[in-house]
Every structure is written in structure tokens, then in C-alpha cells.
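# okay, predicted coordinates and the sequence, questions at the end:
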Amino acid sequence: MKSVKVGICGLGTVGGGTFNVLKRNAEEITRRAGCAIEVIQVATRARNPHCDTSNTLITDDVFAVVTNPEVDVVVELIGGDTIAKDLVLQAIENGKHVVTANKALIAVHGNEIFAKAREKGVSVSFEAAVAGGIPVIKAIREGLAGNRINWLAGIINGTGNFILSEMREKGRDFADVLAEAQALGYAEADPTFDVEGIDAAHKLTILASIAFGIPLQFDKAYTEGITQLTTADVNYAEALGYRIKHLGVARRTADGIELRVHPTMIPADRLIANVNGVMNAVMVNGDAVGSTLYYGAGAGMEPTASAVVADIVDVARSLSIAPEARVPYLAFQDDALSSHPILPIEQCESAYYLRIQAQDHPGVLAQVASIMSERGINIESIMQLEAEEQEGLVPMILVTHRVQEQLINEAVTELEKLDSISGAVVRIRVEQLA
Ligand SMILES: NC(=O)C1=CN([C@@H]2O[C@H](COP(=O)(O)OP(=O)(O)OC[C@H]3O[C@@H](n4cnc5c(N)ncnc54)[C@H](O)[C@@H]3O)[C@@H](O)[C@H]2O)C=CC1
Ligand SMILES: N[C@@H](CC=O)C(=O)O
Ligand code: NA
């Protein structure tokens, strides 16, 4: 029986997990793939204490893997988008299939990488790049192929969700939980990617492309992280029956596509509002299927390896298939991608939670209401927390109906000009996800 020969570049969290899962489940994997999958070379700068590489060819030069004539599939697990990009392009040039978990690479350079891969007739697979072990790319690209997808929304950064969950449930400190996420191998090499929403924006960019059939456009994604969230707003959200989650939202509208990542208030009784710790979940709404939900571990050694290995099995199974008959990289045929534009955040629409520090005297409420009504912004609920008065200021909380962001921007500017209002207005977007 012919075997498929794999070279792994990077033996860290995901590389180590991939190496071990391929070895441990070799027999079942062979039964699935129809051939053995053999790791013939590993490039790593340091030994991974979780991996027994005693019978494996080891190099510290990742480029030795892509020039090894025996290697059929290069598995890129070094991360980053500089050396990794050169590595992947060179692998493709040399006629190797590529499997990667690198969302930064795909979101930023995917269009170029796919063009090169198409030219060379090789596959580039990236299931592990979005939501770790959840097979969400396969679900959207293949399982929902009959649908016109309306929107998707997901908790797609495990580190961020772990931090928010631990802070809310156990009152733990942000920095302390982030350090734990790093120790568990969940965080990116630069953890600001996790907490500032960049990692989630990479993943959302990929999801939107395969859902709507548009080119990858990471530079147009609106990105906001979790570092500005306060315990006060987490608690007020709870009191209002909501939970704050860091969400990536992609929505098709008549004018374009919303592509945004930010903290979001979701009704606390929604399944996705109860996805905690390192778990991820992605809701996808299609015109035929309605709403669907995909849940599982979004980061970590073996959950991520599960997706990498599934991609390797897919490559092994499809080696004999003509390139044009394979599932397209971005789900839609390469020459059928749409130019529907990505909307600037000002043209995106959602409901809003606004928290204002207002003076406790008559007429303030009327001033606030008038600023909102002048812009046609409907207020769903308003709450003035007299019991929390401090130095003559009381928190006033408004929840609006859905409205365009630019109208909220104007309203916030006007509110902040009022003498009866102190400091900046806090805003958090609200999504019902119904
Ligand atoms: N950790 C996780 O849970 C997940 C990570 N990913 C992605 O997987 C990729 C790998 O992430 P991790 O395994 O967490 O990172 P890691 O830092 O644990 O492992 C990367 C390994 O690559 C090695 N490396 C980097 N540059 C190298 C070079 N030029 N030559 C030789 N070795 C080199 C490093 O020494 C390290 O051992 C990244 O793209 C990441 O975004 C994706 C999903 C989940
Ligand atoms: N740093 C990422 C790893 C998986 O993609 C995360 O925390 O989700
Ligand atoms: Na995945």
C-alpha cells in the first residue's frame, strides 16, 4: 500500500499534538484514508517533551522539509506570516500539498497563496485555522453548500473567551488568566492578537469568505478587543438579562457585507451565550437550513491537532482527484467570487447598550431622549440607577433598537457635549442572534 509522506514544520503546541495524534491513531487513520500517513521529517528548533521523535528525521531548518523530494504534504505549524509565507509558497512551488493552522497567514496572504496553489495544482487546507478542533470550515464549505448564507456569528478566540469566563465566574484578574491561557498553549505568540481581537478578525475574514464567496479582505474587518471591558458593564449586562461575549459577526446586507469583531451583549438564555472557557461556537444562518451551531474546543494541543490531521486525511484521499474537481479553497469556484463590498463600521447595524454618567436632576432624561429621537433612534429600555449615585452622578443605561452605527456615533457626540453628562459614553453592541 502506498503511504502519504508528511513533513511537519514546527513542533510546538499544535505541531506536537499533530505528531502524537498521527502516531497514536495511525491504524484508524489508515483505515479512513485508504493508505498509511507517515511523518518522515520534522523541523523544529527544540525537542517537544510531549513527543517521542526518536525514530523521526529531525532538522532545525524548516526549508529542508519543503525541499525534501520525499515529502508529499508540508504541515506548516510555525505561525506568523513572514517565514511561514515563504515556506508555504516554496512548498507549493515544489508541488507539495500544504496543511496549515495559521489563520494570520491565510487571512492576510490567502488570495496570493491560493492563486499559486491553483497554478501548481496542489491543495492548501486550513481547517485548524478557524475555531480549532471544530470542523466549521468543512461544515460551511461542504455541508451548507445548498444555502445562501445570511449571517454568521461566533466566539472564535479561545483565549479571549477563557479570560472573560474566568473573570465573570470567578472574579479573577485579567492578567492572571491571560498568563494561564499562555501556559496552556491557547494564546498566540503575541497575545495582543488574542485580547485585541486581531486573531478573531483573522478567523472571521476566513469564515466570511467561505460563507459569502468573497476574496479574503482582512484589512477591511472592524476589530475591537476585550481590554476596554469593565466589570461594571459585565454586571449591568447580567442585570439586563444579557451576557457579554467577544463575537465575530459577518452579515450579508443589500449594500454589502458587515465584517466586525467586538464585545457583544447576547441574551443570556442563548446557547452561544453559555459557551465558556476555551470553547468556541459558531452560529451560521442559511436561507434553507435556518440557524445552525457548531461547538467545541477552539484551541489547545490535541483539539487543534484533530483538525490538522483531518485535513491531512482529506489530502490523502483526494490525491487521485483532478485539481479542478476538489472542493474550492474558498468554497466557491475561484472565478466566481463576488465583489460585494465590505461595509465600513459606520454603515453596520446593531442594537446598542449605552451607559452614561448623568447628573441626578430633572430634565436630563428628556435631553437624552431628545438627542436619540432627533436621529430616529428607538429606545427599547432605559434604566437610571439612583441607588448607585456617586458625587451627584447616576449611571443611566439605555438599550436601543437596531440602528446604523453612524447615527449612534452622532448621538454619542451630542450626549458627551451635554453639561449634565460626565465623561465618555460607554457603548456595547447588542445582538439577539435569533
Ligand atoms: N495553540 C493553539 O491552540 C492554536 C494555534 N493555532 C495556530 O497554529 C500555529 C502554531 O501555533 P502553536 O503551536 O500554538 O505555536 P508554538 O509557539 O507552540 O509552536 C510553534 C513552533 O514553531 C517553532 N518555530 C517557529 N519558527 C520556526 C522556524 N523558523 N524554524 C523552526 N521552528 C520554528 C517554534 O520554536 C515553536 O516550537 C500558529 O499559526 C497558531 O496561530 C491554530 C489553532 C489553535
Ligand atoms: N490563540 C488562539 C488559538 C486558536 O486559534 C485562540 O485562543 O483561540
Ligand atoms: Na476548525
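Received the coordinates, thanks. Ligands and ions are numbered 1, 2, ... in the order given.
# do you know how far T304 is from Y186?
Separation of T304 from Y186 (C-beta to C-beta, to the nearest Å): 10 Å. Yep, even glycine has a C-beta here, placed from its N, CA and C like the rest.
# and if you look at A91?
Per C-beta to C-beta, A91 is found 27 Å from Y186.
# quick one, helices of the stretch 201-350 of the chain?
Using DSSP state H, counting those that start in this stretch, the helices of the stretch 201-350 of the chain run over residues 231-239, 301-318.
# quick one: mean pLDDT for the first one?
In other words, helix 231-239. When pLDDT is averaged over helix 231-239, the result is 94.
# next, the buried residues of it.
In terms of neighbour count (16 or more other C-beta atoms under 10 Å), helix 231-239 has its buried residues at 233-234, 236-237.
# show me the contacts for the closest residue to ligand 1 within the chain.
Checking the chain residue by residue against ligand 1 with C-beta to the nearest ligand atom singles out G12 as nearest, at 1.9 Å. Contacts of G12 were listed using C-beta atoms under 8 Å, 6 or more residues apart in numbering, and they are 48, 77-79, 185.
# now the phi/psi pair for it, please.
Phi and psi for G12, reported as degrees, to the nearest 10, are phi -90, psi -140.
# and for E302, the neighbour number?
E302 has 19 neighbouring residues, counting by other C-beta atoms under 10 Å.
# chain neighbours aside, what residue packs nearest to it?
What sits nearest to E302 in space, not counting adjacent residues and going by C-beta to C-beta, 6 or more residues apart in numbering, is G17, at 4.6 Å.
# can you list the residues of the stretch 1-150 of the chain near ligand 3?
Listed as neighbours of ligand 3 in the stretch 1-150 of the chain under the rule C-beta under 5 Å from the ion: 127, 130-131, 134.
# rerun at 6 Å
Residues of the stretch 1-150 of the chain lying near ligand 3 by C-beta under 6 Å from the ion: 127-128, 130-132, 134-137.
# any idea how far the closest residue to R260 other than its chain neighbours is from ligand 2?
The shortest distance from R260 to any non-neighbouring residue, by C-beta to C-beta, 6+ apart, is to Y222 (4.2 Å). Relative to ligand 2, Y222 is positioned 19 Å away (C-beta to the nearest ligand atom, to the nearest Å).
# again, but for D60
Per C-beta to the nearest ligand atom, D60 is found 24 Å from ligand 2.
# per-residue pLDDT, that residue?
We note a pLDDT of 97 for D60 in this prediction.
# cool, A26 as well?
pLDDT, A26: 98.
# that one reaches V39, doesn't it?
No - contact criterion C-beta atoms under 8 Å: A26 and V39 do not qualify, at 9.8 Å.
# the more surrounded of these two?
The neighbour count for A26 versus V39, taken as other C-beta under 10 Å, is higher for V39 (22 against 14).
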